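Colleague: Just a sequence and a predicted model for now, questions to come.
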Amino acid sequence: MIDLHPILGIDAVDLEPCVQHPVPFLYDIPLRACVSRDVSNLMFAGRNISATHIAFAATRVMATCAVIGQGVGVAAAHAALEHILPAELATRRDAILAIQQQLLRNDAYLIGHDNQDDRDLARQAEVTASSESPGGEAVQVISGQTRSVHGDKGAPPARACAGSHRWMSDPAQGLPASIRLDWKEPVAVAEIQLIFDTGLHRHLTLSHHDGYSSRMVWGEPQPETVRDYKVERFDGDHWHTVAEVTGNYQRMRRHSLAESSPQLLSAIRVQVEQTNGLDHARICEVRVT
């Protein structure tokens, strides 16, 4: 949505205070709009990025400003670690690719990009589940994307990746339900990352407008989100509990397997005991590093 306000503000008494122009698809904000033209080590995020009046009408809202801040923060950290000036980032394809992959690991969404992280061992695993729903097959947890954004008002068709991008167990079989990743040879694992469904199709915003508030689940976990679950590892002979969580409401959870060194295992399993309201389990992504 382009939320256009008069350039003269409240002094434009003959103009509507706001004219909203729908946009057909999701859009990008380029990194170069967040880097100073004149100061080589200065970056911007939020309402002070470089944008025309029209572009500003599409970038200045708070949620958009927040994700710009996430992107700029990751870019700045990469520049510092690699001793690259921010002004050089946009010309360094290797840097851009590294930043994009780190953002995806942090559960950001980037149009037309998916998980290509060679460190992610889940991409090499065979994925099975205790049950599946049509379109919500177990293998969806390694599809490389954590959101379903194809179709009307979603990603541009040429850059969209259709699919649910989440495992959904069969409601008819009830809970608990489990998903499992197996490797042909043992792998050394330090961390397991889970991305849960948090109902991103549903409005969630600060508003007193009844039209918005009636469509929100406000002040409590979203019903799709896994509440109680257990993560286990298989050493070739026995299953061992890595983590047991109750009362979860978060979208991203990371579980460390070892404080000092990675552990060898041949399989992992996530068992969903209960959700915050839905009658089946949903997991958008499993990463193993």
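Modeller: Here it is on my side, so go on.
Colleague: drop to CA atoms for contacts and neighbour counts, all remaining ones
Modeller: Will do.
Colleague: Would you indicate which residues of stretch 61-80 are buried?
Modeller: Neighbour counts using 16 or more other Cα atoms under 10 Å place 64-65, 68-76, 78-79 of stretch 61-80 among the buried residues.
Colleague: scratch that, stretch 240-252
Modeller: 242, 248-249, 251.
Colleague: How about stretch 278-289?
Modeller: 279-289.
Colleague: just stretch 117-129 next, same as before
Modeller: Quick answer for stretch 117-129 (16+ other Cα under 10 Å): 117, 120-123, 125, 127-129.
Colleague: thinking again about what came up before, now the buried residues of stretch 240-252 as JSON lines including distance to Ser266, secondary structure and pLDDT?
Modeller: Formatted as JSON lines, the buried residues of stretch 240-252 follow (distance: Cα to Cα, whole Å; DSSP: H, G, I helix; E, B strand; the rest coil; pLDDT from 0 to 100):
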{"residue": "Val242", "distance to Ser266": "14", "secondary structure": "strand", "pLDDT": "95"}
{"residue": "Asn248", "distance to Ser266": "27", "secondary structure": "coil", "pLDDT": "98"}
{"residue": "Tyr249", "distance to Ser266": "29", "secondary structure": "coil", "pLDDT": "98"}
{"residue": "Arg251", "distance to Ser266": "26", "secondary structure": "coil", "pLDDT": "98"}
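Colleague: Tell me which helix or strand comes right after the lowest-mean-pLDDT helix or strand in the chain.
Modeller: Within the chain, no helix or strand scores below helix 210-213, which has a mean of 80 by mean pLDDT, DSSP states H and E. Later in the chain than helix 210-213, the nearest helix or strand by DSSP states H and E is strand 226-234.
Colleague: Need the contact partners of that next one.
Modeller: 196-197, 239-249, 265-276, 281-283 (Cα atoms under 8 Å, 6 or more residues apart in numbering).
Colleague: Recalculate using a threshold of 6 Å.
Modeller: For strand 226-234, the surrounding residues in contact (Cα atoms under 6 Å, 6 or more residues apart in numbering) are 239-248, 265-276.
Colleague: related to what we said a few turns ago, then the least confident helix or strand of the chain to PDB, C-alphas only?
Modeller: The C-alpha trace of helix 210-213 is given here as PDB (Å, rounded to 0.1, in the frame of the first residue of the first chain):
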ATOM      1  CA  ASP A 210     -13.300  -2.500  14.900                       C
ATOM      2  CA  GLY A 211     -12.700  -3.700  11.400                       C
ATOM      3  CA  TYR A 212      -9.100  -4.600  12.200                       C
ATOM      4  CA  SER A 213      -9.500  -5.700  15.800                       C
END
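Colleague: shaky segments in this protein?
Modeller: Residues of the chain meeting the criterion pLDDT under 70: 260.
Colleague: the domain parsing of it - what is it?
Modeller: 2-105, 121-288 (automatic domain parsing).
Colleague: just checking, which of those sits deepest inside the structure?
Modeller: Neighbour counts (mean count of other Cα atoms under 10 Å) averaged over each of the domains of the chain peak at domain 121-288, with a mean of 18.
Colleague: Now do it: distance to the chain's middle.
Modeller: 11 Å (Cα atoms, centre = their mean, to the nearest Å).
Colleague: quick one on the thing from earlier: I'd like the buried residues of stretch 240-252 laid out as a markdown table, including distance to Val231.
Modeller: Formatted as a markdown table, these follow (distance: Cα to Cα, whole Å):
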| residue | distance to Val231 |
| --- | --- |
| Val242 | 5 |
| Asn248 | 13 |
| Tyr249 | 16 |
| Arg251 | 16 |
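Colleague: closest to Asp3 among the residues you listed?
Modeller: Of all the buried residues of stretch 240-252, Asp3 sits closest to Arg251, with 29.1 Å by Cα to Cα.
Colleague: Many thanks, we can stop here.
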